[in-house]
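In: got a predicted model here, sequence first, then my questions.
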Amino acid sequence: MTARPLVTVDDLHVRIGGSHILQGVSFTVADRGVTALLGRNGVGKTTTVRALLGLVPRTGRVTMDGRDISGEATHVITRRGIGYVPEDRGVFSALTVAENLRLAERPGAEPRYGLVHELFPELAGRASQPAGTLSGGQQQMLAIGRVLLNDNRLIVVDEPTKGLAPRVVGEVAAALERAARTAPILLVEQNLPLVRRLAHDAAVLDAGRVVFTGTTADLLGDARRTREFLGVAKTTTTPGQVP
Ligand SMILES: Nc1ncnc2c1ncn2[C@@H]1O[C@H](COP(=O)(O)OP(=O)(O)OP(=O)(O)O)[C@@H](O)[C@H]1O
């Protein structure tokens, strides 16, 4: 079956402190699989996902399932079923793994501990461990697990492999693959072999504007485009990049 747009972002503008950071960003997120949001450092990827979630003042239109959610507060958007794993992971270091998960429970919904522990058995084994003592990869899994506790329509994950060792990148990639079976994902990521492995569709930002939308295969199969938009020429998997 062909994927359809779940979320449509249309002409999104963000101005912060006199800077016009997003200058009319438009793209769609498919209703299945992984859609990658790409671009060099500082082009506006994080600002785009924060604007989508209502975390920064924005103009333009965001719809999910055809419903306009642009004017809604973040907690309303979240309750509509958008789970967010921010770049800093949003894990509470002083609290245990179990406490971090408990805080992610949504009132009135049955938390899916069975699913989370099936996908990430390590979290069950480390339930009483303070989250601050977990490795970077384990913290990322906890952050993804917190989102998977709820039945989301969309999961937004911002640079989950940033700063992680190559071996751990592979573990996070596997975790995202499993997560994508439960809900579509909008993934901000700079690791192109990982993007190639996970994402069918991509949108590329440059200086606050979208410069490409289409399939990841079309984008990364074109060396000129990849170099022009992402600043690199080589995108094939080499040993150690995504184990
Ligand atoms: N709160 C803010 N105040 C001022 N400028 C900001 C703010 N947030 C972001 N910016 C600027 O907006 C631009 C886009 O930032 P953003 O974090 O969205 O980019 P990015 O593509 O996610 O970058 P990276 O890959 O480095 O995370 C940058 O120039 C950044 O310095």
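Out: The structure has been received and is ready for your questions.
In: only C-alpha atoms for contact and neighbour calcs from this point on.
Out: Will do.
In: in the sheet, who's paired with the residue most central in space within the chain?
Out: Residue closest to the average C-alpha location in the chain (C-alpha atoms, centre = their mean): Val157, at 1.8 Å. Assessed by DSSP bridges, Val157 has beta-bridge partners Val85, Leu187.
In: how many other residues sit next to Gln190?
Out: 20 (other C-alpha atoms under 10 Å).
In: now do the one helix or strand Val29 maps to: everything it contacts.
Out: For Val29, the host element (DSSP states H and E) is strand 19-30. Outside strand 19-30, the residues within contact range by C-alpha atoms under 8 Å, 6 or more residues apart in numbering are 3-15, 35, 44, 47-48, 60, 184, 186, 201, 203, 207-210, 213.
In: who does that strand pair up with?
Out: Strand 19-30 has these strand partners (DSSP bridges): strand 5-16 (antiparallel).
In: looking at this, Asp151 is in a helix?
Out: No - secondary structure assignment places Asp151 outside any helix; it is coil (DSSP: H, G, I helix; E, B strand; the rest coil).
In: what about it, distance to Ala203?
Out: 25 Å (C-alpha to C-alpha, to the nearest Å).
In: the more surrounded of those two?
Out: Legend: neighbour count by other C-alpha under 10 Å for Asp151 and Ala203, higher for Ala203 (24 against 19).
In: helix or strand next in line after the host helix or strand of that one, which one?
Out: Element membership for Ala203, per DSSP H and E: strand 199-206. Counting by DSSP H and E, the element after strand 199-206 in chain order, helix or strand, is strand 209-215.
In: show me what that next one is packed against.
Out: strand 19-30, strand 199-206 (3 or more C-alpha pairs under 8 Å, 6 or more residues apart in numbering; DSSP states H and E).
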